[in-house]
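Colleague: Any chance you can model this:
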Amino acid sequence: MILSHDVSHDLPGDRPTVVLLHSSVCDRRMWDPQWQGLVDAGYRVIRGDFRAFGDTPPADAPYSDAQDVLALLDHLGVESTALIGASYGGKIAMDVAALRPGAVTALALLCSGAAEHVAGDALMSFAARERELLATGDVEGAVELNVETWLGPEAGDEARELVRRMQRRAFEVQADAEIGPTDDEADLSRITAPCLVVTGGHDVDDFRQIADSLATRIPGARRLELSWAGHFPGLERPEETFELLTGFLRETA
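Modeller: Okay, the predicted model is just below:
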């Protein structure tokens, strides 16, 4: 297992700390629209690439993404932090907050996934089509499928091209990956941090179902629906998402 502090990450700014965790379609670049603003607002911002994403190579032994995040925080001497996670990154953020509740000051989940969720028809159809395209070597077709599935109507050309680059990079790196992450099966009832659960009105229905469940399972969680958003509100309306996140961080400071 590689040391998790070898995971590619950015670390500018000063305390208080915010950790940004990316989706499994993207890498840390998905936070480009918010990252500098958070730094300018006085936060110490950590945004890493999970293994087999972006600049981080695949693993050669069993590993856990949540444990990687915790080990990275330990390596950097971060005793407390806010966590902001998108999609798969939201799932990992919840695991971290449940495994080490005293270290997490706030938890923002943008269209989060969840380990125990049973995929509905739309999500299963998407996954089957993606597998089919990749099996026939049509990587570009699989990239476009992800762009069209996950970005809502507010997404501009720049956001769409960024998602293309990130998803293409993920497919390239993961083509050599033989080992995937293990699931920590964290108890979400242990989360003590204030939690904001955000969904998009144009997202796949599964993620609204997940959010409804999380709002009941995470103590004190607040549920928010963005009628204009798809799966990546931070790329679709960057400024509005930035104001939403910084407002939540200020509330929980």
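Colleague: could you pull out the helices for the stretch 101-250 of the chain?
Modeller: 121-135, 139-150, 157-174, 205-217, 233-236, 238-252 (DSSP state H, counting those that start in this stretch).
Colleague: Quick one: closest of these to Phe53.
Modeller: helix 157-174 (5.5 Å; C-beta to C-beta). For every residue, glycine as well, the C-beta is placed using N, CA and C.
Colleague: Quick one: residues in contact with the closest one.
Modeller: 24-27, 29-30, 32, 52-54, 57-58, 134, 139-140, 142-144, 146-147, 150-151, 232, 235-236 (C-beta atoms under 8 Å, 6 or more residues apart in numbering).
Colleague: Including distance to Tyr88 and mean neighbour count, could the helices of the stretch 101-250 of the chain go into a markdown table?
Modeller: Conversion of the helices of the stretch 101-250 of the chain to a markdown table gives the following (distance: least, C-beta to C-beta, whole Å; neighbours: other C-beta atoms under 10 Å):
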| stretch | distance to Tyr88 | mean neighbour count |
| --- | --- | --- |
| helix 121-135 | 13 | 13 |
| helix 139-150 | 12 | 18 |
| helix 157-174 | 11 | 17 |
| helix 205-217 | 11 | 17 |
| helix 233-236 | 14 | 27 |
| helix 238-252 | 18 | 16 |
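Colleague: could I get those as TSV with mean pLDDT and distance to Leu70?
Modeller: Shown next, in TSV, are those (pLDDT from 0 to 100; distance: least, C-beta to C-beta, whole Å):
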stretch	mean pLDDT	distance to Leu70
helix 121-135	97	29
helix 139-150	98	28
helix 157-174	97	23
helix 205-217	96	21
helix 233-236	98	24
helix 238-252	97	20
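Colleague: Looking at those, spot the one closest to Val104.
Modeller: That would be helix 238-252 among these, by C-beta to C-beta, at 10.2 Å.
Colleague: Quick one: list the elements packing against that closest one.
Modeller: helix 32-40, strand 81-86, strand 104-110, helix 233-236 (3 or more C-beta pairs under 8 Å, 6 or more residues apart in numbering; DSSP states H and E).
Colleague: between that helix and strand 104-110, how big is the angle?
Modeller: Counting by axes from the mean of the first three to the mean of the last three C-alpha atoms, to 10 degrees, helix 238-252 lies at 150 degrees to strand 104-110.
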